[in-house]
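>>> Predicted model and sequence below, questions to follow.
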Amino acid sequence: MIDIPVLSGEVVNLGRVGENQARRVIFNVTDWNAEYPGATIALLNEPPGANDAYPVPNVTVDGDSVYWTIESADVPAYGCGKCELIATQNDVIVKSEIYGTVTQRALDDTGEAPEPWESWQQVFSGMVQEANEAVAEAQRILEQIDELVYVDGNTVIVNG
């Protein structure tokens with residue numbers, strides 16, 4: 001995989017039409033982590049010829065780096081596009097500069113048409129399902145604790 005570190009003011013070369021998981025764009029978010037520790041970071045991508053940006057599902061955050069593994073849906077056509085990082089923490093929303101992107105032509109130019117909103121909905125639905133399962137498990141554990149433990153003032157009494 002080819003790593004592409006992003007510097008402020010640079011145009012980001014995403015590769016060629018139709019490439020899939022061959023390149024990874026790396027954003028540095030050290031300043032955001034210092035100012036907004038634990039913030040949720042997302043990436044919006046607007047490919048060449050698209051009218052709207054979509055949240056990229058194939059983004060990971062590791063320490064002070066945000067990694068975007070380019071998939072064929074991210075590079076469906078050649079030309080210039082844009083991307084932007086967004087960090088959220090409680091009611092605070094912080095946005096990066098809008099980075100210019102470029103996708104190069106390929107001899108076959110047969111990148112698959114993106115269905116970013118649909119794939120984002122699938123990822124989000126999966127995350128909601130996992131969160132619901134975690135909440136249900138936490139409630140089950142609390143019910144078990146309630147059955148085993150009784151608090152009388154400052155005294156904890158364990159049943160059984």
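Right, received. Where do you want to start?
>>> Walk me through the domains of the protein.
Using automatic domain parsing, the domain ranges for the chain come out as 2-113, 118-158.
>>> Would you mind measuring from the residue nearest to residue 67 when sequence neighbours are not counted to residue 142?
For residue 67, ignoring the flanking residues on the chain, the nearest one in space by C-beta to C-beta, 6 or more residues apart in numbering is residue 60 at 4.8 Å. Heads up, the C-betas are built off the backbone N, CA and C, glycines and all. According to C-beta to C-beta, to the nearest Å, residue 60 and residue 142 sit 32 Å apart.
>>> Same question for residue 5.
45 Å.
>>> now swap in residue 90 and tell me
25 Å.
>>> Kindly report the same for residue 41.
Taking C-beta to C-beta, one finds residue 41 at 31 Å from residue 142.
>>> With neighbour numbers in mind, choose between those two.
Shown here are residue 41 and residue 142; by other C-beta atoms under 10 Å, residue 41 has more neighbours (20 against 10).
>>> which ones are touching the more buried one?
29, 32, 59, 61, 66, 85, 86, 87 (C-beta atoms under 8 Å, 6 or more residues apart in numbering).
>>> Let me know the closest of those residues to residue 104.
Ranked by distance to residue 104 (C-beta to C-beta), these are led by residue 59 at 21.7 Å.
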